[in-house]
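J.: Provided below for reference: sequence and predicted model.
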Amino acid sequence: MEPTIECVDVVAVMGGFPVLAGASLRADAGEILLLQGPNGAGKTSLLRVVAGLLPVHRGEARVMGIDLVAEPRRARTHVGMLGHANGLYGDLTVTENVGFWGSTVGATAAEIEAAISRMGLAERLADVPARKLSAGQKRRTALACLIARRAGVWLLDEPHSGLDAVGRDELDAVLRQAAAAGATIVISSHELDRGTKLADRVLTVRGGMCL
Amino acid sequence: MKRSRIAWAIASKDLRIELRSRIVANQILPFAAVIMVLFAFALDSDSVLQRVAPGLVWMATLFSMIVLVQRSYAIETEDGAFDLLRLSGLDPIGVFWGKTLALVVQLLLLEILLVATAILLYNTTVSGAWIGGIGFLGSGWVLLVTTLITATFGLAAVGTLYGGLAAGFSGRETLLPLLVLPVVSPVVIGATRAMESAFGTAGAVVSEGWSWTGLLLVFAVAFGVGGSLAYGPLIEE
């Protein structure tokens, strides 16, 4: 089976400095992969390469079989990346936020409703403006947006930051659920205990390489 | 994914946010009206106001447009949505036209208010009959509407392009006017001259205004095409 994400000996340069020095990574559909390592090791850079944000200087990188060097924009349509911000419009409700991202890919109303339900937002929160949500609810809404725009690859940079214990547990539950539904999830996190419990596999990144 | 669908999704999202937040209705439209009133106080002469009314309408439009463009990108950068738009692989031409169309709608509302204010406050009048009698192209109203539409598309295209560029910089609030105002000076000149003809200011006749709308159309097409091509690379950088 073809891997969802495949990076082979990727070298990437930012501001004249090498940030990845031959990193290789492979992830399959339905897998949760944790990237761990010290600050500056190259975890976020690796996520940015897979997201098509950081050009591949040397090596090969593919997402869903699409060459990131040759067709970065087409590859991006399959990828959703969330950092510390959620990318929500505060004046729009949960349904409108998810509906907006769904409408950009022609998602049906049923698909949008399903995305909201999968994140446990349908009952009380569907009509609540995003700015009135808690941090955990915002994060779940952002993930519902990824589902609505049919992103099969989720790249999450420190997804637990800013969440309380309940929010973190909720997030882990929805990530497991998403992976079970076929999403490939790559997480960069400093929280090793929580991350290793959540992930199917842990990859250590150090000095711009995956060990 | 169809470009038109992306443009529609972006435009309807931007307009829905404005309807919900009422920033345009409660802050920007009153701001524009206050500018017109202050001009009236500063100049304090009916004859002078009637002479300069078209220029004042477009100056007030420009000042308010800067605020509208900043608002259009503030909603994108507030929680990092603009980064997601850039990352999503959506066709940037669709994004550009979506944001441009939302600005066009808001600017047209603003301009209608400003023209109405000029007519009420400065005692200006529009030349000629509505359409009948003196022929379609002889109507000041037809020239006025054509001027508003062509000038607005040009302004909105420039605002969207440079707003997207400035959105990535710190100090964007002060950078945007510096980038936009010099570029739109042909629109101000052309739209003012065309509106002078529509108003019959200082003996100007309607037929003289059509050549200026030609300039506005060329500007709108140039920045519509140029903006479509440049927007993707600009926001990616």
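T.: Received, thanks.

J.: dump the C-alpha coordinates for stretch A:140-157 into CSV.
T.: Taking Å, rounded to 0.1, in the frame of the first residue of the first chain, the C-alpha atoms of stretch A:140-157 are listed here in CSV:
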residue,chain,number,x,y,z
ARG,A,140,-12.5,20.8,17.9
THR,A,141,-14.2,23.3,15.5
ALA,A,142,-10.9,23.8,13.7
LEU,A,143,-10.5,20.0,13.3
ALA,A,144,-14.1,19.8,12.0
CYS,A,145,-13.1,22.4,9.4
LEU,A,146,-10.3,20.0,8.3
ILE,A,147,-12.8,17.2,7.9
ALA,A,148,-15.2,19.4,5.9
ARG,A,149,-12.5,20.4,3.5
ARG,A,150,-11.6,16.7,3.1
ALA,A,151,-8.1,17.0,4.3
GLY,A,152,-6.7,13.4,4.7
VAL,A,153,-3.5,14.5,6.3
TRP,A,154,-3.5,16.4,9.6
LEU,A,155,-0.4,18.1,10.7
LEU,A,156,-0.7,19.4,14.3
ASP,A,157,2.0,21.5,15.9
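
J.: that stretch: how far from the chain's middle?
T.: Centroid separation between stretch A:140-157 and its chain, computed with C-alpha atoms, centre = their mean, to the nearest Å, is 6 Å.

J.: any idea how chain A splits into domains?
T.: The record, using automatic domain parsing to delimit domains, assigns chain A the ranges A:1-78+A:152-211, A:90-148.

J.: mind putting these into a markdown table with distance to B:Leu176, mean pLDDT and mean neighbour count?
T.: C-beta coordinates here come from the backbone N, C-alpha and C atoms, glycine included. As requested, these are exported to a markdown table (distance: least, C-beta to C-beta, whole Å; pLDDT from 0 to 100; neighbours: other C-beta atoms under 10 Å in any protein chain shown):
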| stretch | distance to B:Leu176 | mean pLDDT | mean neighbour count |
| --- | --- | --- | --- |
| domain A:1-78+A:152-211 | 25 | 89 | 18 |
| domain A:90-148 | 22 | 90 | 20 |
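
J.: chain B is nearest to which of those?
T.: For chain B, the closest of the domains of chain A is domain A:1-78+A:152-211, at 3.2 Å, according to C-beta to the nearest C-beta.

J.: in JSON lines: the domains of chain A, plus distance to chain B.
T.: Output for the domains of chain A, formatted as JSON lines (distance: least, C-beta to the nearest C-beta, whole Å):
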{"stretch": "domain A:1-78+A:152-211", "distance to chain B": "3"}
{"stretch": "domain A:90-148", "distance to chain B": "4"}
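
J.: format those as TSV; extra columns: distance to B:Thr201.
T.: Below are the domains of chain A laid out as TSV (distance: least, C-beta to C-beta, whole Å):
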stretch	distance to B:Thr201
domain A:1-78+A:152-211	50
domain A:90-148	41
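
J.: and of those, who's closest to B:Ala151?
T.: The closest approach between B:Ala151 and any of the domains of chain A, judged by C-beta to C-beta, belongs to domain A:90-148 at 28.9 Å.

J.: neighbours around the residue of chain A found nearest chain B, how many?
T.: The nearest approach of chain A to chain B comes at A:Ala85, 2.8 Å away (C-beta to the nearest C-beta). Using other C-beta atoms under 10 Å in any protein chain shown, A:Ala85 has 16 neighbouring residues.

J.: which bits of chain B sit near chain A?
T.: Within chain B, the residues that sit near chain A (C-beta under 8 Å from any C-beta of the partner chain) are B:1-2, B:5-6, B:8-10, B:13, B:16-17, B:20-21, B:75, B:78-81, B:83-84, B:87-90.

J.: now those residues: which count as buried?
T.: Buried by 16 or more other C-beta atoms under 10 Å in any protein chain shown: B:5-6, B:8-10, B:13, B:16-17, B:21, B:75, B:78-81, B:83-84, B:87-90, out of those.

J.: list the contacts for the closest residue to chain A within chain B?
T.: Scanning chain B for the residue nearest chain A gives B:Gly80, at 2.8 Å (criterion: C-beta to the nearest C-beta). Residues in contact with B:Gly80, defined by C-beta atoms under 8 Å, 6 or more residues apart in numbering or on different chains, are A:83-87.

J.: which stretches of chain B form strands?
T.: Along chain B, no stretch is classed among the strands by DSSP state E.

J.: for the longest helix along chain A, packing partners?
T.: Scanning chain A for the longest helix, with DSSP state H as the assignment, gives helix A:165-180. Contact partners of helix A:165-180 among helices and strands, from 3 or more C-beta pairs under 8 Å, 6 or more residues apart in numbering or on different chains; DSSP states H and E: strand A:32-36, helix A:109-118, helix A:135-148, strand A:153-157, strand A:184-188, helix A:192-198.
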